[in-house]
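>>> Okay, structure incoming, though there's no sequence with it:
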């Protein structure tokens, strides 16, 4: 009788890598193009504010709070959404704070979907969606996106794929792993399509602030207020992933159910993390705006440009699309793989050259023969060094 | 098609209360015997250490980490378990940190149980177990515990209740809401019974450090290493519930599955929270020991004694058992309820006298006509004032 109900959930290759690196203690030798971890410190104002609050009243600062999050923090987030994205969200009924974007997604899927339902995802896309959706069985439908289209979504094909079982469409823009930013007109068409077909539209906006070119649109600008759900997080934008704070917003009846689930999964969001966000977003989000404009975007843009240059120099036969946002390049390595698949390539590369990359197949069928390389975790000189090692690896292994 | 998969999950009355109080902003007028929230600040050393780490290296302090938690923190917890409770746990394979005790329990239930399985709980017990287990349908079996037995568990009756479908027994000691500490011999018999019957034993040890009389035993002292799972948290012990940090330990194959699930629910535990625990448990847990012995236990014992005195004075016809541990009294109010049930009593009391109490029925069938009163949230003079208000309420309503 001592068996377990959950048997076959795979462990994420990124998580495995994090565990291996944390355990090895060999962080300094390793060059990581692996997990999408910000390499910048969070804004100084934010951590200073938390410390001053802990000194002023430690009890209040680390006490329990509302399941949906502190009312003031919910208001600051919705005011920011209104000002920056023209999205009107009721802070009382339409938003719930979460343990990072991961919990926002987990609760969204669990609240909306049941076995037999269908959800449509572009392929490739973020790898953790698949195991989070594994309870759907065969319900995950892949809409292929191609490098020659800059990984944009083919709306006609999306329309054709919809069946009476289609319950939701999930969009990530800017995308992980491709860096694709959805074009305005394409997003508008998808919003209209989902509204017409009475299908939930789930947008994952986690990378919306990491934009190097183009403009991000909140899908609500084009309608769909009653059938759109958005998941987001402060992990990337405020460089505070270890605080585990995200949020989900959508129709009141949906948020009501999310909050009920949350109260039994994790009770309430971290209050110290929320206090950081109070500072981050107060006074028209002055800290956020300055931090993104002066530090985050310029730093990461330089690294992106450096990595593009390195791919062209060291991997001239790898096809890739220049990322407009997010943290990643997703080159097609088929001309360098020959005798191995990209997973064997990644394992051997880590072993021989201490460079971490993520095999593309985990991001979907279209990801085979690709590698995901994050450009945000290392400064330019180490990006260059990483590519020198990759070139050496390719040379030594005669690839 | 725009329906939701999750419809009927009830919202916890304690969570509803927290939301109402946080929203009203009327905290100062309300006397709360409601949620089990510590009213003490966490140890000063702990929050000072976090601030010094944030100043020294904010990036590292708020970065992602292993799904199971920082290796050093896992080691500190297992060393403490070994030293204080004689339990040998492998920090690498047998423990996973969580978002509070709530996530530890949620993941434990999800990992062990599937619809059709049976779990046996004492009744009354902690109210959030029921909705967390609602996916089992009729699988939750209630073992009544009675005030005249000091709410101890009847092992013969437990044995009789076990069927081939029994997958687990869940114990909470010290208990919420009764304050009952399981007697050594009874715990020993339950461990033996679960081992014989090849049934999982889940112990929720969240209140183990809040002990005013008697001795707490880790059930592993009596065996069952291969079939015992323990959930715990720093929320109560270190007075840091807002940091959301707990842990679960058990057999390696179980923890392996828990970590897989966790990576898709919430990715990894809060690193700032773990850094607080590093200080709390370092050097043979000197900060913890001093904090519990000098601050927590003496403060709460005085409040417990005060509340016992108040019940005897203001509610002389309420039967109750003196809590040996945890945060609560659980008086039987049947002689004061007459025309209303305890839920109506609690609502009206809040409205008319601004005193928060929790209706007993949420803790199980045996909880009807009882109220749960926490004694840790208010200092002695406010406990007395709360009871004066309750007496006034009873008088004015002719109960």
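Good, I have the coordinates. This one's a predicted model, so the numbers in the text were calculated from it and none came from an experiment.

>>> burial measure for residue A:154, as a count.
Number of residues near residue A:154 (other CB atoms under 10 Å in any protein chain shown) recorded here: 16. No exception for glycine: its C-beta is placed from N, CA and C like everyone else's.

>>> residue contacts, it?
Residues counted as contacts of residue A:154 (CB atoms under 8 Å, 6 or more residues apart in numbering or on different chains) are A:143, A:145.

>>> So what does it look like in phi/psi?
Dihedral angles of residue A:154 (phi, psi; degrees, to the nearest 10) stand at phi -90, psi 100.

>>> The one 5 residues further on too?
With angles defined as degrees, to the nearest 10, residue A:159 sits at phi -60, psi -50.

>>> Excluding residues flanking it in the chain, which one is nearest residue A:81?
Here the nearest residue to residue A:81 in space, its sequence neighbours aside, is residue A:87; by CB to CB, 6 or more residues apart in numbering or on different chains that works out to 4.5 Å.

>>> Isn't that neighbour up against residue A:223?
No - the pair residue A:87 / residue A:223 is not scored as a contact, 11.4 Å apart, by CB atoms under 8 Å.

>>> tell me which strands and helices the helix or strand containing residue A:193 is in contact with?
Element membership of residue A:193 [criterion: DSSP states H and E] is helix A:184-197. Applying 3 or more CB pairs under 8 Å, 6 or more residues apart in numbering or on different chains; DSSP states H and E, we find helix A:184-197 packed against helix A:155-161, strand A:166-172, strand A:200-204.

>>> 10 Å instead?
With contacts taken as 3 or more CB pairs under 10 Å, 6 or more residues apart in numbering or on different chains; DSSP states H and E, helix A:184-197 sits against helix A:155-161, strand A:166-172, strand A:200-204, strand A:228-233.

>>> what about stretch A:269-281 and chain B, any contact?
Yes - counting by CB under 10 Å from any CB of the partner chain, chain B has neighbours in stretch A:269-281: A:269, A:270, A:271, A:272, A:273, A:274, A:275, A:276.

>>> So stretch A:198-210, near chain B or not?
Yes - against chain B, stretch A:198-210 shows contacts by CB under 10 Å from any CB at A:198, A:199, A:200.

>>> residues near residue A:39, how many?
Other residues close to residue A:39 by other CB under 10 Å number 17.

>>> and if you look at the one 5 residues further on?
For residue A:44, the number of neighbouring residues by other CB under 10 Å comes to 13.

>>> before we move on, the earlier item: between residue A:87 and residue A:223, which is the more surrounded one?
Neighbours were counted for residue A:87 and for residue A:223 using other CB under 10 Å; residue A:87 has more, 19 against 15.

>>> could I get the residues of stretch A:269-281 next to chain B as a markdown table with pLDDT, secondary structure and neighbour count?
Listed next are the residues of stretch A:269-281 next to chain B as a markdown table, based on pLDDT from 0 to 100; DSSP: H, G, I helix; E, B strand; the rest coil; neighbours: other CB atoms under 10 Å in any protein chain shown:
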| residue | pLDDT | secondary structure | neighbour count |
| --- | --- | --- | --- |
| A:269 | 97 | coil | 30 |
| A:270 | 98 | coil | 28 |
| A:271 | 98 | helix | 24 |
| A:272 | 98 | helix | 23 |
| A:273 | 98 | helix | 29 |
| A:274 | 98 | helix | 25 |
| A:275 | 98 | helix | 24 |
| A:276 | 98 | helix | 28 |
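
>>> Among the residues you listed, which one sits closest to chain B?
Nearest to chain B among the residues of stretch A:269-281 next to chain B: residue A:271, at 3.3 Å, using CB to the nearest CB.

>>> Look up the closest residue to that closest one, ignoring the ones flanking it.
residue B:242 (3.3 Å).

>>> about what we covered before: which one (most neighbours) among the residues of stretch A:198-210 next to chain B?
Using other CB under 10 Å as the neighbour criterion, residue A:200 leads these with 28 neighbours.

>>> Which residues are in contact with the closest residue to it other than its chain neighbours?
Nearest residue to residue A:200, sequence neighbours excluded (CB to CB, 6+ apart): residue A:168, at 4.0 Å. Contacts for residue A:168 (CB atoms under 10 Å, 6 or more residues apart in numbering or on different chains) come out as A:108-109, A:112-113, A:117-121, A:133, A:139, A:194, A:199-202, A:227, A:229, B:1-2.

>>> Determine how far the last residue of stretch A:322-338 lies from the first.
Counting by CA to CA, to the nearest Å, you get 25 Å between the two ends of stretch A:322-338.

>>> Residue A:144 contacts residue A:178, correct?
No - in this structure residue A:144 lies outside contact range of residue A:178 using CB atoms under 10 Å: 12.0 Å.

>>> Tell me the secondary structure at the spatially most central residue of chain A.
What sits nearest the mean C-alpha location of chain A, by CA atoms, centre = their mean, is residue A:206, with 5.0 Å. Following DSSP: H, G, I helix; E, B strand; the rest coil, residue A:206 is assigned to coil.

>>> measure it to residue B:384 for me?
Distance of residue A:206 to residue B:384, computed by CB to CB, to the nearest Å: 51 Å.

>>> Next: residue A:365.
69 Å.

>>> Residue A:4 now?
According to CB to CB, residue A:4 stands 50 Å off from residue B:384.

>>> Same check on residue A:61?
28 Å.

>>> could you pull out the helices for chain A?
All helices of chain A, identified by DSSP state H, fall at A:13-24, A:44-56, A:58-61, A:71-85, A:100-112, A:129-132, A:155-161, A:184-197, A:252-265, A:271-290, A:297-314, A:334-337, A:342-353, A:380-396.

>>> Can you point out the buried residues in stretch A:70-80?
Within stretch A:70-80, the residues that qualify as buried are A:70, A:71, A:72, A:73, A:74, A:76, A:77, A:78, A:79, A:80, counting by 16 or more other CB atoms under 10 Å in any protein chain shown.

>>> Overlap in contacts, residue A:144 and residue A:178.
Common neighbours of residue A:144 and residue A:178 (CB under 10 Å, 6+ apart) are A:122, A:124, A:151, A:366.

>>> quick one on the thing from earlier: ok, of the contacts of residue A:168, which come out buried?
Judged by 16+ other CB under 10 Å, buried ones among the contacts of residue A:168: A:108-109, A:112-113, A:117-121, A:133, A:139, A:194, A:199-202, A:227, A:229.

>>> is it true that residue A:295 touches residue A:237?
No - Residue A:295 is not in contact with residue A:237 according to CB under 10 Å; the separation is 11.6 Å.

>>> Between those two, which has more neighbouring residues?
Using other CB under 10 Å, the more surrounded residue of residue A:295 and residue A:237 is residue A:237, with 21 against 14.

>>> still on that earlier bit, give me the more crowded residue out of residue A:365 and residue B:384.
residue B:384 (18 against 11).

>>> Quick check: the more buried one touching residue B:375?
No - assessed by CB under 10 Å, residue B:384 is found out of contact with residue B:375, at 11.7 Å.

>>> Find residues that contact each of the two.
What both residue B:384 and residue B:375 touch, as defined by CB under 10 Å, 6+ apart, is the set B:306, B:307, B:310.

>>> got JSON lines for the residues you listed, with pLDDT too?
Formatted as JSON lines, the shared contacts of residue B:384 and residue B:375 follow (pLDDT from 0 to 100):
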{"residue": "B:306", "pLDDT": "98"}
{"residue": "B:307", "pLDDT": "98"}
{"residue": "B:310", "pLDDT": "98"}
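
>>> From these, keep the buried residues only.
Buried among these by 16+ other CB under 10 Å: B:306, B:307, B:310.

>>> follow-up on the earlier one: who has more neighbours out of residue A:144 and residue A:178?
Using other CB under 10 Å as the criterion, residue A:144 and residue A:178 rank with residue A:178 on top: 31 against 15.

>>> residues in contact with that one?
Counted by CB under 10 Å, 6+ apart, residue A:178 has contacts A:122, A:124-125, A:145-147, A:150-152, A:172, A:320-321, A:323-324, A:326, A:328-330, A:363, A:366-367, A:370, A:372.

>>> Good, wrapping up.
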